[in-house]
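Asker: mind folding the following:
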Amino acid sequence: VCVCVCVCVRAGLLSQLSSHSSHARVCVSPVLVAQQRNNSTTPKVKVEFDQSTGVAVMHMQSPPVNSLSLDFLTEFCINVEKLEMDKSCRGLIITSSQPKVFSAGLDIMEMYGKSPERCGEFWRAVQEMWLKLYSSDMVTIAAINGSSPAGGCLMSLTCDYRIMADNPRYSIGLNETQLGIVAPFWFKDTMVNTVGHRTTELALELGLLYSPSEALKVGLVDLLVPEDEVLTTATKTMTKWLAIPDHARQITKSMMRKPTIDKLTSKREADIQNFVSFITKDSIQKSLRMYLEMLKKRRG
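Answerer: Purely as a prediction, here's the structure:
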């Protein structure tokens with residue numbers, strides 16, 4: 001039983017409340033409402049593909065904090081699939097166009113006051129994002145140029161390599177327990193594969209968010225660089241990875257990751273059912289409502 005939510009989002013969620021749920025009594029300015037209407041037609045992901053290098057850069061651009069909504073995840077997965085099908089694309093760098101945040105994690109408004117059917121559709125999209133990235137034949141590098149809690153951390157963990165901005169104000173981690181909820185087994189497995197069992201146990205039980213230097217120390221990220229060098233460093237790093245013959249690297253990656261991927265694939269429907277029954281519980285909905293009200297007070 002599980003769900004991923006970010007517990008350190010401020011303005012992000014509040015800008016989405018009024019139009020997403022009649023249950024949330026939050027005053028939202030006309031500017032934010034207009035911005036959101038605009039967002040529905042503006043692409044949430046921008047892809048720049050350089051055919052000469054075979055590298056695509058995917059910029060997440062879903063204001064204000066790249067929350068992983070159903071619309072965002074659908075658009076994200078379609079773009080990843082298009083690149084995967086283009087055999088000339090060998091590498092993918094994922095980064096953010098939003099200031100100070102890579103991705104603030106799953107959109108709480110996709111889980112609050114929604115029907116079981118909608119919650120199931122949403123969770124399937126979260127699974128799809130993970131499956132597409134974790135099993136990708138492309139070299140994937142996360143250029144983490146801001147905070148990356150919860151679902152943002154999961155997205156980073158799916159990549160082959162993580163480069164983070166060396167800014168102590170930023171944080172990264174799977175912090176679900178701080179909201180009284182539980183990271184699913186495949187979040188846990190991905191983190192264990194990255195930082196080991198004991199570090200994951202402490203991180204998940206305490207809902208830890210690491211500063212960049214702490215994240216580097218435990219192996220959650222691979223490299224820290226000045227904020228204005230994240231993308232250029234990712235581009236340089238990509239050339240080293242692409243110097244390895246694709247078939248050898250892809251087979252090795254599959255060998256390392258296949259057991260984790262197969263585990264979710266075989267339990268996918270059960271995982272969706274677990275999520276839906278958990279997130280629609282009155283007690284969990286109450287927790288989410290209290291959290292949203294706390295955000296409202298902080299904002300006010």
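
Asker: show me where the stretch 201-300 of the chain has strands.
Answerer: With strands called from DSSP state E, counting those that start in this stretch, the stretch 201-300 of the chain shows them at 223-225.

Asker: now the stretch 1-150 of the chain
Answerer: Secondary structure of the stretch 1-150 of the chain by DSSP E, counting those that start in this stretch: the strands cover 45-50, 55-60, 91-96, 139-144, 148-149.

Asker: the last one pairs with which strands, and in what direction?
Answerer: In other words, strand 148-149. strand 172-173 (parallel) (DSSP bridges).

Asker: likewise the second one?
Answerer: Note on strand 55-60: by DSSP bridges, its sheet partners are strand 45-50 (antiparallel), strand 91-96 (parallel).

Asker: mind putting the strands of the stretch 1-150 of the chain in TSV, distance to T233 and mean pLDDT included?
Answerer: In this view, the C-beta of every residue, glycine as well, is placed from N, C-alpha and C. Shown next, in TSV, are those (distance: least, CB to CB, whole Å; pLDDT from 0 to 100):
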stretch	distance to T233	mean pLDDT
strand 45-50	17	97
strand 55-60	13	98
strand 91-96	10	98
strand 139-144	8	98
strand 148-149	16	96
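
Asker: which one of the ones you listed lies nearest to T237?
Answerer: Closest to T237 of those is strand 139-144 (CB to CB; 6.2 Å).

Asker: tell me what that closest one is packed against?
Answerer: Strand 139-144 sits against strand 91-96, helix 151-158, strand 161-165, helix 230-242, with contacts defined as 3 or more CB pairs under 8 Å, 6 or more residues apart in numbering; DSSP states H and E.

Asker: quick one: it to helix 151-158, angle?
Answerer: Per axes from the mean of the first three to the mean of the last three CA atoms, to 10 degrees, the angle that strand 139-144 makes with helix 151-158 is 150 degrees.

Asker: where in this structure is pLDDT low?
Answerer: For the chain, applying pLDDT under 70 flags the ranges 1-40.

Asker: quick check: chain neighbours aside, which residue is closest to S254?
Answerer: Excluding the flanking residues, the one nearest S254 by CB to CB, 6 or more residues apart in numbering is S135, at 7.5 Å.

Asker: also L206?
Answerer: Spatial nearest neighbour of L206, excluding adjacent residues (CB to CB, 6+ apart): T177 at 7.0 Å.

Asker: which residues does that neighbour contact?
Answerer: The contact partners of T177, by CB atoms under 8 Å, 6 or more residues apart in numbering, come to A183, L204, E205, L206, G207.

Asker: I'd say the first one and L174 touch.
Answerer: Yes: here A183 reaches L174: they are 5.1 Å apart, a contact under CB atoms under 8 Å.

Asker: just the CA coordinates of stretch 174-187, formatted as CSV?
Answerer: Taking Å, rounded to 0.1, in the frame of the first residue of the first chain, the C-alpha atoms of stretch 174-187 are listed here in CSV:
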residue,chain,number,x,y,z
LEU,A,174,11.8,9.9,-1.0
ASN,A,175,10.1,11.6,1.9
GLU,A,176,6.6,10.0,1.8
THR,A,177,6.5,8.9,5.5
GLN,A,178,6.5,12.5,6.6
LEU,A,179,3.0,12.7,5.2
GLY,A,180,1.9,9.4,6.8
ILE,A,181,2.1,7.4,3.6
VAL,A,182,4.3,4.7,2.2
ALA,A,183,6.6,4.5,-0.8
PRO,A,184,5.7,1.5,-3.0
PHE,A,185,8.0,-1.5,-3.3
TRP,A,186,9.3,-0.4,-6.7
PHE,A,187,10.3,3.0,-5.4
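
Asker: follow-up on the earlier one: turn the strands paired with strand 55-60 into a markdown table, including mean neighbour count.
Answerer: Shown next, in a markdown table, are the strands paired with strand 55-60 (neighbours: other CB atoms under 10 Å):
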| stretch | mean neighbour count |
| --- | --- |
| strand 45-50 | 14 |
| strand 91-96 | 24 |
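
Asker: kindly reformat those as JSON lines containing distance to D166.
Answerer: Output for those, formatted as JSON lines (distance: least, CB to CB, whole Å):
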{"stretch": "strand 45-50", "distance to D166": "24"}
{"stretch": "strand 91-96", "distance to D166": "15"}
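
Asker: coming back round to it: could the helices and strands packed on strand 139-144 be laid out in JSON lines, adding distance to E75?
Answerer: Below are the helices and strands packed on strand 139-144 laid out as JSON lines (distance: least, CB to CB, whole Å):
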{"stretch": "strand 91-96", "distance to E75": "13"}
{"stretch": "helix 151-158", "distance to E75": "14"}
{"stretch": "strand 161-165", "distance to E75": "23"}
{"stretch": "helix 230-242", "distance to E75": "21"}
